[in-house]
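Engineer: Sequence first, then the predicted structure:
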Amino acid sequence: MNILKIILSLFFLNFSCSSSDNASFQQGEQQQPEQEGVEIGIIRDITASQLVADMGPGWNLGNAFDVRDNDKTVWGNPLPTTTLIDEIYERGYRTLRLPVTWGYNMGEAPNFKIESGYFTRVTNIIDHALAKDMYVIVNIHHDDKWIVPTFGNAEASKTQLDKVWTQIATHYKDYSDYLIFEMLNEPRLKNSPEEWTGGTPEGRAVLNEFYTIILNAIRATGGNNSKRKIMITPYGASVVQAIWNDLVIPNNDADVIISLHAYFPFKFALEGTDPNWGSVQDKGDVDALMNRIEANFIAKGMPVIMGEWGSIGILSTEIERFKHAQYFTQACIQKGIVPVVWDDGGDFGLINRRNFVWDFPTIADAAANKN
């Protein structure tokens, strides 16, 4: 860590951890000045694969900033605090994925201006995590109302994507490469018959157009964004082979990282109808998935982040979920994939966000690769 980074880290850590700051964010106030324009770090001369290799297992701050409403508490979670990030760090996580829905906090066309106060709230969490030398992933998450991958809606979506990502990238263009941009989360046509089965050729083609617009917008802002690492997600973030085949990396950009999601196996991890995990078949299926990821991406020089994974706590006991978390985490790490566990504060919740007590410490430790 260079001297500038040490000084800035101490500044942000001291600033963010004050009790008054935590209290204000519990109430939804924005008292911290924006950090736009502050030079916080550098972009190292390393490849995307080298950066991914330096990252540690991660945790998702789900159902918080990504709520589909201006009120980010309506899905049942309190507003995020820096104390929560401290607890995540102390548990051993070194990567924070920060899903963000922007559409409920922006103005109308043609500028689609994002509210400055909203930027401040998001930035407060980003700065606090970066001050702890955590990697941070920020994205566009549940904005599917205006991101519609059809030929008929493509131009309107592309125009808004350009405006929104230009604002985000400009706001953080001086940040170090510990901040990663993820262009879209699970992009798909909502409520279509093919929503979760890979979409249609039309949807996949339009998505490739979206990515070209987004990547060009980010790079055009200059500064550290000219070489920042960017995550790209196949249609629906799916592990369906057909969508992998159709994914196009814009401009053959070498600083792109593949982002996948795998609630796998489905009946245990996401549907919650199978309470047991750990059979020979279960482990074989996970191994087969990891082998496909390696063959399709890693072997071709494209590093991978498993941006979401986990298991739902409905019928399964903690021991069954622990066994799954331990095996899945290890399977990712053995292939050089960064596992970032999903926590929504609900059925996938691992930590209580009000008292900061870990409800499922053994699962949390397994996901952080501590056992």
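Structural biologist: Cool, the structure landed.
Engineer: A strand includes residue 210, no?
Structural biologist: No - according to DSSP: H, G, I helix; E, B strand; the rest coil, residue 210 belongs to no strand; its state is helix.
Engineer: Tally up the residues packed near it, please.
Structural biologist: 21 (other Cβ atoms under 10 Å). C-beta here means a position set from N, CA and C on the backbone, and glycine is covered the same way.
Engineer: Which of the three states applies to residue 68?
Structural biologist: coil.
Engineer: That one: what's it in contact with?
Structural biologist: The contact partners of residue 68, by Cβ atoms under 8 Å, 6 or more residues apart in numbering, come to 101, 104, 142.
Engineer: Is the last one in contact with residue 188, as I believe?
Structural biologist: Looking back up the chat, that one is residue 142. No - between residue 142 and residue 188 there is no contact under Cβ atoms under 8 Å: 11.7 Å.
Engineer: Neighbour count: these two, which is higher?
Structural biologist: Shown here are residue 142 and residue 188; by other Cβ under 10 Å, residue 188 has more neighbours (27 against 20).
Engineer: Give the full set of residues in contact with the more buried one.
Structural biologist: Applying Cβ under 8 Å, 6+ apart, the residues near residue 188 are 144, 149, 195, 196, 199, 203, 235, 236.
Engineer: Which residue comes closest to residue 130 once chain neighbours are left out?
Structural biologist: residue 178 (5.5 Å; Cβ to Cβ, 6 or more residues apart in numbering).
Engineer: List the contacts of the one you found.
Structural biologist: The contact partners of residue 178, by Cβ under 8 Å, 6+ apart, come to 41, 130, 133, 134, 135, 136.
Engineer: ok, so of the contacts of residue 188, who is nearest residue 243?
Structural biologist: residue 235 (4.4 Å; Cβ to Cβ).
Engineer: Surely the closest one is in contact with residue 199?
Structural biologist: Yes - the pair residue 235 and residue 199 qualifies as a contact (Cβ under 8 Å) at a distance of 4.4 Å.
Engineer: where does the residue lying closest to residue 77 once chain neighbours are set aside sit relative to residue 291, distance-wise?
Structural biologist: With sequence-adjacent residues excluded and distances taken as Cβ to Cβ, 6+ apart, residue 77 is closest to residue 345, at 4.2 Å. Per Cβ to Cβ, to the nearest Å, residue 345 is found 33 Å from residue 291.
Engineer: More neighbours: which of those two?
Structural biologist: Taking other Cβ under 10 Å, residue 345 and residue 291 do not tie; residue 345 has more neighbours (19 against 12).
Engineer: Just say helix, strand or coil for the more buried one.
Structural biologist: coil.
Engineer: Now the common contact residues for residue 235 and residue 199.
Structural biologist: By Cβ under 8 Å, 6+ apart, the residues touching both residue 235 and residue 199 are 149, 188, 207, 243.
Engineer: Which members of the residues you listed are the farthest-apart pair?
Structural biologist: Pairwise over the shared contacts of residue 235 and residue 199, using Cβ to Cβ, the maximum falls at 149 and 243, 11.7 Å.
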